[in-house]
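Asks: I need the structure of the sequence given here:
(chains A and B)
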Amino acid sequence: MHHVILERWSRGRSPLHRRDPRFKAVALLVFLVVVATAGQRLPLVAAVWFLLLCGTAVAARLPLAAAAARAGIVLSFTAVFAGISWLAGDPARALSLILKSYLSAFAVLLLVSTTPMSGLLHGLERLGAPRFLLMVAQFLYRYLFVISEKAQHMHRAALSRGFGGSRRRSGRMEAAAGAVATLFAKSYGRAEGIHRAMLARGFNGQFQPLEPLRAGAADWAFGAAAVLAPIAVRVAIERGA
Amino acid sequence: MTAPLIEVRGLRFRYEDGAEALRGVDFHLEAGETVALLGPNGSGKTTFVLHLNGLLSGEGSVTVCGLPVEGRNLAAVRRKIGLVFQDAESQLFMPTVLEDVAFGPLNAGASPEEAARRAHAALDTVGMAAAAGKAPYHLSAGEKKRVAIAGILAMDPEILVLDEPTTFLDPPGQRALAGLLEGLPQAKILVTHDVPFARALATRAVFFEQGRIAAEGGVAELARRFQWELPVKEQAERRCGG
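Replies: Now for the predicted structure:
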């Protein structure tokens, strides 16, 4: 499954994996803003940014081709809007959508591929992100796999009882709606079970990190470089226009 | 005479939908004992054990290691009584095995270093030291069960409560689990339908029926009295697919 591969990558050992998640998160946020607001000579700026991201992936010892391809998944969504812009006679906007969405996805992928989820959530919490939201993200990440497996089991059970054969479309929709409702009820039951298991082990509403975050000189140096490099690239190319 | 580790008097509980799950349960657990809770589905066994660490609260009294199970004592009670849930999947919610096992000690106020040390020791006890860095969803059912038990052992409880511990385990897994539990010094409560498993471990059994304890005695005696094992002929027919 997709997030299982990212989970495996995030447990790698590289200088980038060792950096404090807070610095990586801030660098990502700055990069996303710089990308989103870029306009002049975008193709050239985007090409240099792409090379920067590729260099980061190599430094993180990630499989470059696989990482770059995975970031392309976002194009299946943005291509629709890019297509509409193209058809409306605005090919520049279409290209901008494609480039910006791809670079943003690649950058996000690099963050989650070099930071274990627990460390990332802890870093975001220390940066002031709402704790409740982070807990939801953590459980979603952990149990998405379990819920999707349950959905697959239900689908197989339905197929083994002839689902999808000669039934009318409306009948199939009805059965699918029932399955979604059952899945929701099961997920709710699972959530109750998890909550009980947490309380039974003394949970008091706050996750205690096993590895506290400690920022060192290398983290500050990385943070400064990661924030300034994409800005410098954009300024240099735009001024040279 | 020493006080029992667990003492329950007149425990009654009704769910929000009106179903009366416990109708006056009296129970005690002494140090060193392993007690099997037998009985049909819906007889109140799981509801009963959820009262032991205050996850449910009914009428009557529940005392654990001399502490009444009530609001102000819940944190202390939950350190003394380790509950292993039937579905280990619900218990393993952290991203890695090590973080999951360290969850309890961290909540109890241990430093990260101490929590990691206790987690490693507990994983070693259950034979899962090599899985410390793995994500829980990569484990087999038997491994998940072992890690769930490690998560409880890391809290160094005085009592272990295991709800249907053999569910999802194949016979070798059940044997390994029985061997593991036999070597643990804590007093234990086993909620189970598995009579051979209970017979291998329990010093005493109680039989639940319709929210009450219907009988107490040896596992073999209660299994016979309540016809809780398949007759030999029927077992043989099952094995042959008959």
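Asks: which residue sits closest to the residue most central in space within chain B in space, ignoring its chain neighbours?
Replies: The centroid of chain B falls nearest to B:Leu162 when counting by Cα atoms, centre = their mean (1.3 Å). Residue nearest to B:Leu162 in three dimensions, not counting chain neighbours: B:Val84, with 4.5 Å by Cβ to Cβ, 6 or more residues apart in numbering or on different chains. C-beta here means a position set from N, CA and C on the backbone, and glycine is covered the same way.
Asks: For chain B, which segments count as strands?
Replies: Secondary structure of chain B, counting by DSSP state E: strands at B:6-14, B:20-29, B:34-38, B:59-64, B:67-68, B:81-84, B:159-163, B:187-191, B:204-209, B:212-217.
Asks: what inclination does the fourth one have with respect to strand B:20-29?
Replies: Yep, that's strand B:59-64 we're talking about. 30 degrees (axes from the mean of the first three to the mean of the last three Cα atoms, to 10 degrees).
Asks: and strand B:59-64, what's its mean pLDDT?
Replies: Mean per-residue pLDDT for strand B:59-64: 95.
Asks: Partner strands of that strand and their direction?
Replies: strand B:6-14 (antiparallel), strand B:67-68 (antiparallel) (DSSP bridges).
Asks: Repeat that for the longest one.
Replies: In the sheet, strand B:20-29 lines up against strand B:6-14 (antiparallel) (DSSP bridges).
Asks: Number of residues surrounding B:Arg117?
Replies: 15 (other Cβ atoms under 10 Å in any protein chain shown).
Asks: make that A:Pro230, sorry
Replies: Counted with other Cβ under 10 Å, A:Pro230 comes out at 24.
Asks: same check, this time on the one 3 residues further on
Replies: The number of residues packed near A:Val233 is 20, by other Cβ under 10 Å.
Asks: How are the helices of chain B distributed by residue range?
Replies: B:45-52, B:74-80, B:88-91, B:97-107, B:112-125, B:141-153, B:171-182, B:195-201, B:219-225, B:232-239 (DSSP state H).
Asks: gap between the two ends of stretch B:39-46?
Replies: 11 Å (Cα to Cα, to the nearest Å).
Asks: That one: which residues count as buried?
Replies: For stretch B:39-46, a neighbour-count test (16 or more other Cβ atoms under 10 Å in any protein chain shown) marks B:Gly39, B:Ser43, B:Gly44, B:Lys45, B:Thr46 as buried.
Asks: do stretch A:75-92 as well
Replies: Neighbour-count burial for stretch A:75-92 flags A:Thr78, A:Ala82, A:Ser85, A:Trp86 (criterion: 16+ other Cβ under 10 Å).
Asks: Need the contact partners of that stretch.
Replies: If you take Cβ atoms under 8 Å, 6 or more residues apart in numbering or on different chains as the criterion, stretch A:75-92 is touched by A:Arg93, A:Ala94, A:Leu95, A:Leu97, A:Ile98, A:Ser101, A:Tyr102.
Asks: Among the residues you listed, which pair sits farthest apart?
Replies: Maximum pairwise distance among the contacts of stretch A:75-92 (Cβ to Cβ): 14.9 Å, between A:Arg93 and A:Tyr102.
Asks: which one of the two has more residues nearby?
Replies: Neighbours were counted for A:Arg93 and for A:Tyr102 using other Cβ under 10 Å; A:Tyr102 has more, 21 against 15.
Asks: Of all the residues in the helix or strand where the more buried one lies, which ones are buried?
Replies: Assigned by DSSP states H and E, A:Tyr102 belongs to helix A:91-113. By 16+ other Cβ under 10 Å, the buried positions in helix A:91-113 come out as A:94-107, A:109-113.
Asks: do stretch B:106-114 as well
Replies: B:Leu106, B:Asn107, B:Ala108, B:Ala110.
Asks: can you check stretch B:46-61 too?
Replies: B:46-56, B:58, B:60.
Asks: do the same with stretch B:192-206
Replies: B:Thr192, B:Asp194, B:Val195, B:Phe197, B:Ala198, B:Ala200, B:Leu201, B:Ala202, B:Ala205, B:Val206.
Asks: what's the answer for stretch B:7-17, then?
Replies: So stretch B:7-17, judged by 16+ other Cβ under 10 Å, has buried residues B:Glu7, B:Val8, B:Leu11, B:Phe13.
Asks: Give the next helix or strand downstream of the lowest-mean-pLDDT helix or strand in chain A.
Replies: Sorting the helices and strands of chain A by mean pLDDT, DSSP states H and E puts helix A:2-10 at the bottom, at a mean of 75. Once the chain leaves helix A:2-10, the next helix or strand it forms, by DSSP H and E, is helix A:15-18.
Asks: which bits of chain A sit near chain B?
Replies: Neighbours of chain B within chain A, by Cβ under 8 Å from any Cβ of the partner chain: A:4, A:7, A:11, A:116-118, A:138-139, A:141-143, A:145-146, A:190, A:193-194, A:196-204, A:208-212.
Asks: Helices - which of those land there?
Replies: A:4, A:7, A:117-118, A:138-139, A:141-143, A:145-146, A:190, A:193-194, A:196-200.
Asks: Go through the buried residues of stretch B:39-46 and say which is closest to chain A.
Replies: Each of those was scored against chain A by Cβ to the nearest Cβ, and B:Thr46 proved nearest at 10.6 Å.
Asks: picking that back up, for the buried residues of stretch B:192-206, work out which two are farthest apart.
Replies: B:Ala200 and B:Val206 (17.3 Å).
Asks: For chain B, which residues score under the pLDDT cut-off?
Replies: B:1, B:230-242 (pLDDT under 70).
Asks: need the contact list for B:Leu181.
Replies: B:Thr34, B:Leu160, B:Leu162, B:Pro165, B:Lys188, B:Leu201.
Asks: The last one and B:Gly183 touch, don't they?
Replies: No - the pair B:Leu201 / B:Gly183 is not scored as a contact, 10.9 Å apart, by Cβ atoms under 8 Å.
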